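1. This is a predicted model, with the sequence first.
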Amino acid sequence: MARTKAHPGRERRSPTPAAARKRTAIAHLKAAVVEDRLHLLYQPIVNARDFRVERVEALLRWRKPKQEQEPLTDLIWAVERSPVIFKLENWILDRSFQAASAWRGARLTSVRVNVNLSAREFPRADLVGRVTRRIDAAHLDPGRVGLEITETSSMRRFDEVADQIDRLIDTGIELWLDDFGTGHSSLEWLSHLPLHGVKIPGTFVERLRDEKRSQAIVARIIDLAHDLGLKVVAEGVETREQRDFLAARGCDFVQGFLFFDALPAARVPSALAGARAAPDTLSR
């Protein structure tokens, strides 16, 4: 039986688990786009003092063939270093800006839409143009847009992004640091970049009732942000105890199922019609 001749340096190697996962994730994501199984939901962000809704966050969801919904967190993590992520973020920007423009016709003229953007976008020279062109195409005021930056360990050179951020802020766009405290250099981001605010991740909020350490961390984040002139959003608020703790510590905004589910774009105007109601009567 003939043997296949081996060539030095050309042996086939099995893909690593991470590489295999990435390849699978990209295939799943491309299939979801082709089969129109991607969609956006919008979760209101509530002022912790008067319970007005001033912002909504665009959240990406997909439908598997069996129609169950789930976040795309794992897929996004896997494809973050792939060019696919840039096409996906363009799609999210287009859809969320179009939705916000439609809400203007429903008299929601002061509600901002927050869109998540990987920090890997910022060194790209065309970032500002890509964002502003999509805002213009949707006939949307830049002052009604917020970008939530997800910090990554690979993005440490602040000189590469400072000009981009300055130009975005000059248009009236807000910039927030998402998942503050979970990245590798969050304090450096605060010291170098002119951000509008920070978001406390739901993992911290979830443990507020039972862990004094988490209570201390959340309280310090709020104090630090305020000392720097920044606003604070706490995500994942699901209980009155969490809400009361955050309000007592001076948190500016709260977001979570205690107040609103994530909603389809068409339902946002009607859901926000009574958004000044007492927190116990806000829609779930």
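-> Received the coordinates, thanks.
2. Let's test this: mean pLDDT of the helix or strand containing Glu188, rounded?
-> Assessed by DSSP states H and E, Glu188 sits inside helix 186-192. Averaging pLDDT along helix 186-192 yields 75.
3. now the strands for the chain?
-> Counting by DSSP state E, the segments of the chain that form strands are 38-47, 53-63, 69-71, 112-118, 145-150, 174-178, 197-200, 231-234, 253-254.
4. Flag whichever of the ones you listed has the least confidence on average.
-> In terms of mean pLDDT, the lowest-scoring of these is strand 69-71 (a mean of 49).
5. Can you mark which positions in stretch 257-277 are buried?
-> Applying a neighbour-count criterion of 16 or more other C-beta atoms under 10 Å, one finds Leu258, Phe259, Phe260, Ala262, Leu263, Ala265, Val268, Pro269, Ala271, Leu272, Ala275 buried in stretch 257-277. (Glycine included, C-beta is placed from N, CA and C.)
6. Take these and lay them out in JSON lines including distance to Leu246 and pLDDT.
-> As requested, the buried residues of stretch 257-277 are arranged in JSON lines below (distance: C-beta to C-beta, whole Å; pLDDT from 0 to 100):
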{"residue": "Leu258", "distance to Leu246": "11", "pLDDT": "92"}
{"residue": "Phe259", "distance to Leu246": "12", "pLDDT": "92"}
{"residue": "Phe260", "distance to Leu246": "16", "pLDDT": "93"}
{"residue": "Ala262", "distance to Leu246": "20", "pLDDT": "93"}
{"residue": "Leu263", "distance to Leu246": "22", "pLDDT": "93"}
{"residue": "Ala265", "distance to Leu246": "27", "pLDDT": "93"}
{"residue": "Val268", "distance to Leu246": "24", "pLDDT": "91"}
{"residue": "Pro269", "distance to Leu246": "27", "pLDDT": "88"}
{"residue": "Ala271", "distance to Leu246": "22", "pLDDT": "84"}
{"residue": "Leu272", "distance to Leu246": "21", "pLDDT": "83"}
{"residue": "Ala275", "distance to Leu246": "18", "pLDDT": "57"}
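7. ok, so of these, who is nearest Arg240?
-> Nearest to Arg240 among those: Leu258, at 7.0 Å, using C-beta to C-beta.
8. State the phi and psi torsions of the closest one.
-> Its backbone dihedrals place Leu258 at phi -60, psi -30, with angles given as degrees, to the nearest 10.
9. ditto for Leu228
-> Here is the backbone geometry of Leu228 (degrees, to the nearest 10): phi -90, psi 10.
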